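# Below are the sequence and a predicted model; questions follow.
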Amino acid sequence: MSLNSFFSSFLPKEEKLLPKYKKMASRIVVGADLFTELVSTTEHDRQIELYTKIKAIETECDNIIVDIFETINDSFVTPFDREDMHQLCGDMDDVMDYINDSAKRLILYHPREIPNKAMHMAEIILEGAKAMEVACGELKTMNKQPTIALEQCAKLHDLEHEGDDVYDNFVKELFETENDPKELIKIKEIMQCMEEATDRANHVGKTLRTIIVKYA
Amino acid sequence: MSLNSFFSSFLPKEEKLLPKYKKMASRIVVGADLFTELVSTTEHDRQIELYTKIKAIETECDNIIVDIFETINDSFVTPFDREDMHQLCGDMDDVMDYINDSAKRLILYHPREIPNKAMHMAEIILEGAKAMEVACGELKTMNKQPTIALEQCAKLHDLEHEGDDVYDNFVKELFETENDPKELIKIKEIMQCMEEATDRANHVGKTLRTIIVKYA
Amino acid sequence: MSLNSFFSSFLPKEEKLLPKYKKMASRIVVGADLFTELVSTTEHDRQIELYTKIKAIETECDNIIVDIFETINDSFVTPFDREDMHQLCGDMDDVMDYINDSAKRLILYHPREIPNKAMHMAEIILEGAKAMEVACGELKTMNKQPTIALEQCAKLHDLEHEGDDVYDNFVKELFETENDPKELIKIKEIMQCMEEATDRANHVGKTLRTIIVKYA
């Protein structure tokens, strides 16, 4: 054990824990950004390359979550309720899982074409990831100064509704225009998976709001 | 602050909290009732009108749930464990969400025809909503006199099984008789969504039973 | 009350509770084994016979879970946190539910043929059930000697990844080769349901790991 790590074990727990949330959120932003690139790429080899990178970030987030859980378990005191801390990173992990799943399905199903609305959805996911990142930067101070964090929660809520509308209109149109049942099934599932990502991002906002209310 | 609301802040917490559950359940009964009307209507404009009303009730339930969560957070003591109180209204909200989702899909997908069994399913949902309403009227006294509440739990359990059977037989038949894959996908998803509503209503029953056992 | 049951009420709680988990896991092994038989059978009457047996085991597990919940509620002290104890049997019950659901869908949808990869998936589920059974035999001692339990957690994790890969490759191929949309929908849903069972088995492993970390 280096001297540095010896001393760091005396640091208040929030100094160890909260930056891990920020780090996780930052990785999800990178993942969401790669995903927008994947959705706008038509070249299959490049798509596979991008998916491989997204998959690596998803694995990284899984490792961060294990690290967060262990830190929480090792702590006598946590910045907020353990349950809420678990929930918060679990929700963020779900967002990354759905980004990864959407990417995987795009690769595996290899639909004839990626609909325009998929790009709109990918941008909503990216905006949500950025809101999560900003909010995670506020974790330490949001009980006293909740304005910025609450703004992100409102944004996540609005983005979910936007995602819902995009998806609903998309599926309505898909049933009207797509006559190849296989393509319909592929595309519908991929878009549904993306919509789920926006839904989980809103969960992150809800959990944040719960924490803010409790510790106000 | 009116004198009335000033005094009401001294009222025992259950006098404030439990009626909100009852109110939520009553709104879901109205929503479920509108849904049976929607399912039995063939005129598309009228369907849209009914869906708009259902959507408004779903939003109302979302607001009631926010109110319940805030009241729980503001309370030093709650009638039962906070976790169970959260669970109970979360479960009820899920029922309303699935009713709303089923209605939305009916409007968006606009299937060629609504199968007879959808009406059966809608009636099961309505009966479940009524059982939830009766049970929520018992919340204050069910720890001492659980008979009526337990009867509703049993009813919710039976309704879920009935819903399961209706759905299973329906899908079996659908695969045998529906040769238009788009219609098959539409109708299957709408019915699945309704079946999910009966499933969540049974969750409400399970949560109630847990509460009754704990506080007997 | 027999003398035996009178005395048994004084036994330490873990002596009553933990064997119920073992029993549940053992029943799931039997269920998973019957399911492999169902998947490898082409004769429909025999399939129905096997499904009936699987359904009976699912009901049995539901009863064991009610029994476990009541025992937990009646106990002043539990071997580990109540929440973790609930989670653990809830996760196991989910595995059995998905085995049962997969079996039910095989019977109801009656696909033209059962793909070879379904047998691979059924074997993964069976191996997972066996790992759960071994792990449940370690519940009493795993806080001191976690090696065997942790090995099962690792196995459940690996099996989920194997299940994921089998499913992903299967669906990719299915979209490429199956041109009857109804058959595609049937088979995809059945395989997805099996994949979900391996997913839930990994949840069991995760919960076990959480318990081991907490009580180490």
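That came in fine, so what should we check first? Numbers count the residues shown, from 1 in each chain, chains lettered A, B, ... in the order given.
# Report pLDDT for the residue in chain A that chain C sits nearest to.
Distances between chain A and chain C by Cβ to the nearest Cβ are smallest at residue A:181, namely 3.8 Å. From N, CA and C alone the C-beta is placed, and that goes for glycine too. Per-residue pLDDT puts residue A:181 at 96.
# on contacts alone, who are the packing partners of the biggest helix by length in chain A?
Across chain A, the longest stretch assigned as helix under DSSP state H is helix A:181-215. Helix A:181-215 is packed against helix A:82-109, helix A:116-136, helix A:147-177, helix B:44-74, helix B:181-215, helix C:181-215, with contacts defined by 3 or more Cβ pairs under 8 Å, 6 or more residues apart in numbering or on different chains; DSSP states H and E.
# that older thread, would you check that the residue of chain A closest to chain C makes contact with residue B:179?
No - with contact defined as Cβ atoms under 8 Å, residue A:181 does not count as touching residue B:179 (11.2 Å).
# Please identify which of the two sits among more neighbours.
With neighbours defined as other Cβ atoms under 10 Å in any protein chain shown, residue A:181 and residue B:179 compare such that residue A:181 has more, 19 against 9.
# show me what contacts that one?
With contact taken as Cβ atoms under 8 Å, 6 or more residues apart in numbering or on different chains, residue A:181 is in contact with B:181-182, B:185, C:181, C:184.
# try it again with 6 Å
B:181, C:181 (Cβ atoms under 6 Å, 6 or more residues apart in numbering or on different chains).
# and if you look at residue A:147?
Residues near residue A:147 by Cβ under 6 Å, 6+ apart: none.
# For chain B, give me its nearest residue in chain A.
residue A:181 (3.8 Å).
# where does chain A dip in pLDDT?
A:1-14 (pLDDT under 70).
# rerun that using 80 as the cut-off
A:1-15, A:73, A:76, A:214-216 (pLDDT under 80).
# Give me every residue in it lying close to chain B.
Proximity of chain A to chain B, by Cβ under 6 Å from any Cβ of the partner chain, involves residues A:168, A:172, A:175, A:181, A:213.
# Can you name the residues that contact the second one?
By Cβ under 6 Å, 6+ apart, the contact list for residue A:172 reads residue B:108.
# Skip the chain neighbours and tell me the closest residue to the residue nearest the centre of chain A.
Nearest to the mean C-alpha position of chain A, by Cα atoms, centre = their mean, lies residue A:95 at 3.1 Å. Nearest residue to residue A:95, sequence neighbours excluded (Cβ to Cβ, 6 or more residues apart in numbering or on different chains): residue A:200, at 4.7 Å.
# ok, the one you found - how many residues close by?
22.
# contacting residues around it?
Residue A:200 neighbours (Cβ under 6 Å, 6+ apart): A:94-95, A:98.
# Residue numbers of chain A in contact with chain C?
A:73, A:108-109, A:181-182.
# and with 10 Å instead?
A:66, A:69-70, A:73-74, A:83, A:86, A:104-105, A:107-111, A:180-186, A:189 (Cβ under 10 Å from any Cβ of the partner chain).
# hmm, back to that, the helices and strands packed on helix A:181-215: which one's closest to residue B:37?
The closest of the helices and strands packed on helix A:181-215 to residue B:37 is helix B:44-74. By Cβ to Cβ, the value is 5.7 Å.
# for the closest one, packing partners?
With contacts taken as 3 or more Cβ pairs under 10 Å, 6 or more residues apart in numbering or on different chains; DSSP states H and E, helix B:44-74 sits against helix A:181-215, helix B:13-39, helix B:82-109.
# Could you export those to a markdown table, including columns for distance to residue C:22?
Rendered in a markdown table, the data for the helices and strands packed on helix B:44-74 read as follows (distance: least, Cβ to Cβ, whole Å):
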| stretch | distance to residue C:22 |
| --- | --- |
| helix A:181-215 | 35 |
| helix B:13-39 | 39 |
| helix B:82-109 | 28 |
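# Nothing else from me, thank you.
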